[in-house]
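K.L.:
can't give you the sequence, but here's the structure:
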Ligand SMILES: Nc1ncnc2c1ncn2[C@@H]1O[C@H](COP(=O)(O)OP(=O)(O)OP(=O)(O)O)[C@@H](O)[C@H]1O
Ligand SMILES: [Mg+2]
Ligand SMILES: [Zn+2]
């Protein structure tokens, strides 16, 4: 007997909150890190889907649904650095009230630090870390000051 294709993994619906969908596969826990949720400050339900069907052909994605929280723009900009195709849906009274795709600018300022300890941005000078986006999926960032590639973006987010 053939199995019916699973169209979309069901996570519980939320009344109010935010859905971060179309997260690059494997990045959901890094998104959680950006959200800054931990055992001391968790105060609403969160559902996480890792490696779930995107519903689009054979593609896989991660998804995070967080109740009673909306995201500030800096948080969304950080998510774009690890999940450039993520969509942010704001749920109000069970409906999608707003929806947009994260945006990765050509220049990233003040969101991540350079991994080169000798970089001017890491030497106590009043210089904000700044990167050029030279690849988009996956994002690839190059430091504007020392030219080093940022090899592990999620470990260097500010
Ligand atoms: N009440 C809700 N509770 C939890 N998640 C919801 C709720 N309403 C919508 N969503 C989720 O919000 C996201 C955006 O909803 P939308 O209806 O635009 O989905 P979609 O048609 O599958 O869009 P897409 O093309 O982006 O996959 C989806 O991940 C959907 O599962
Ligand atoms: Mg969908
Ligand atoms: Zn640098």
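P.N.:
Thanks, I have it. The structure displayed is predicted, hence computed values, not measured ones. Numbers count the residues shown, from 1 in each chain. Ligands and ions are numbered 1, 2, ... in the order given.
K.L.:
Give me the distance between stretch 29-43 and the centre of its chain.
P.N.:
Centre-to-centre, stretch 29-43 and its host chain are 12 Å apart (CA atoms, centre = their mean, to the nearest Å).
K.L.:
Which residues belonging to that stretch are considered buried?
P.N.:
By 16 or more other CB atoms under 10 Å, the buried positions in stretch 29-43 come out as 30, 31, 32, 33, 34, 35, 37. Every residue, glycine included, has its C-beta placed from N, CA and C.
K.L.:
got a list of contacts for that stretch?
P.N.:
Contact partners of stretch 29-43, identified using CB atoms under 8 Å, 6 or more residues apart in numbering, comprise 20, 23, 46, 48, 50, 62, 64, 66, 68-69, 71, 75, 78-79, 82-83, 86, 154, 157.
K.L.:
Start and end of that stretch, how far apart?
P.N.:
Terminal residues of stretch 29-43 are spaced 18 Å apart (CA to CA, to the nearest Å).
K.L.:
Check whether residue 65 really touches residue 16, as I assumed.
P.N.:
No - the criterion here is CB atoms under 8 Å, and residue 65 misses it with residue 16 at 11.2 Å.
K.L.:
which of those two has more neighbours?
P.N.:
Counted by other CB atoms under 10 Å, residue 65 and residue 16 do not tie: residue 65 has more neighbours, with 20 against 15.
K.L.:
show me what contacts the residue nearest to residue 146 when sequence neighbours are not counted?
P.N.:
With CB to CB, 6 or more residues apart in numbering as the criterion, residue 146 has its nearest non-adjacent residue at 4.3 Å, and that residue is residue 119. Counting by CB under 8 Å, 6+ apart, residue 119 touches 129, 143, 145, 146, 148.
K.L.:
Could you export those as CSV, including neighbour count?
P.N.:
Below are these laid out as CSV (neighbours: other CB atoms under 10 Å):
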residue, neighbour count
129, 22
143, 21
145, 17
146, 14
148, 15
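K.L.:
Sounds good, over and out.
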